[in-house]
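>>> curious how this folds, go ahead:
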Amino acid sequence: MLALLRSMEGEHPARPVLVASNDPAAAGLARAAELGVPVASVDHRPFRGDRAAFEAALLEPILAAEPDILCLAGFMRVLTPAFVARFEGRMLNIHPSLLPKYQGLHTHQRALEAGDAEAGCTVHEVTAALDDGPILGQARVPILPGDTAETLAARVLAREHALYPAVLRRFAAGDRTPLLLD
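Residues are numbered from 1 along each chain as shown. Alright, predicted model coming up:
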C-alpha cells in the first residue's frame, strides 16, 4: 500500500483518495494519514457471519471518496460477487504467486514443496472467482537452495513493491497490456 501511495506523484495518472482497512489497528492507516491520505476502517469482526452487512458498511467510506480504481493490498477478506460486480473492471489486487499457480494462502510454502524453480507475484483484475481475474502483470524471482517460505516471501515482496505501482500507472492510463518483470 505504501509503495502505491508513494508512486502516485508527479505525472502519475492516479491520485490516492482513501486508504481503508478491515483492521482499525492496521499500521498502514497511520502511515497513510501521515502522507495526507484520508483513511477509514470498518472492523469486520462485529459482522461475523454477515459479509453483506460488513461490505455495506465498508462501501460507505469508499463511495464517499468516489474512487475510479480500487487497489487491494493486504486485504485478506473474500469479497462477495455483489461487491466485486460494483467495481467490475476497476479493482486490482496483488497476489504472491505466479497465477494461476497457488491461488489462496500459503503460496510460498506451496511453491517450495512443489520443487518450483521460480516464484513471484501477480497483479490481476479482481473478479468474483478468488485470485482468478485477468493478469495485468507478473514479476518472477528464482527459488534459491535453502530458501524458506519466509526468505522467499521477502524477495517476492520486494518485487511486489516494484510491480504493483508500475501496473497501476499503466492501468490508470488505460493500458491493460500485461507487464512482465524479471
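>>> just checking, Leu181 touches Tyr164?
No. If you go by C-beta atoms under 8 Å, Leu181 and Tyr164 don't touch, sitting 10.7 Å apart. C-beta coordinates here come from the backbone N, C-alpha and C atoms, glycine included.
>>> now for these two: what residues contact both?
Gly137 (C-beta atoms under 8 Å, 6 or more residues apart in numbering).
>>> more neighbours: which of the two?
Tyr164 (24 against 15; other C-beta atoms under 10 Å).
>>> select the longest helix from the chain.
Longest helix of the chain, by residue count under DSSP state H: helix 149-172.
>>> within the sheet, what are the partner strands of the helix or strand just after it, with directions?
Using DSSP states H and E, the helix or strand that directly follows helix 149-172 along the chain is strand 179-181. Using DSSP bridges, strand 179-181 pairs in its sheet with strand 135-142 (parallel).
>>> tell me the buried residues in the strand it pairs with?
By neighbour count on 16 or more other C-beta atoms under 10 Å, the buried set for strand 135-142 is 135-139, 141.
>>> now the strands for the chain?
19-21, 39-41, 70-72, 91-95, 118-125, 135-142, 179-181 (DSSP state E).
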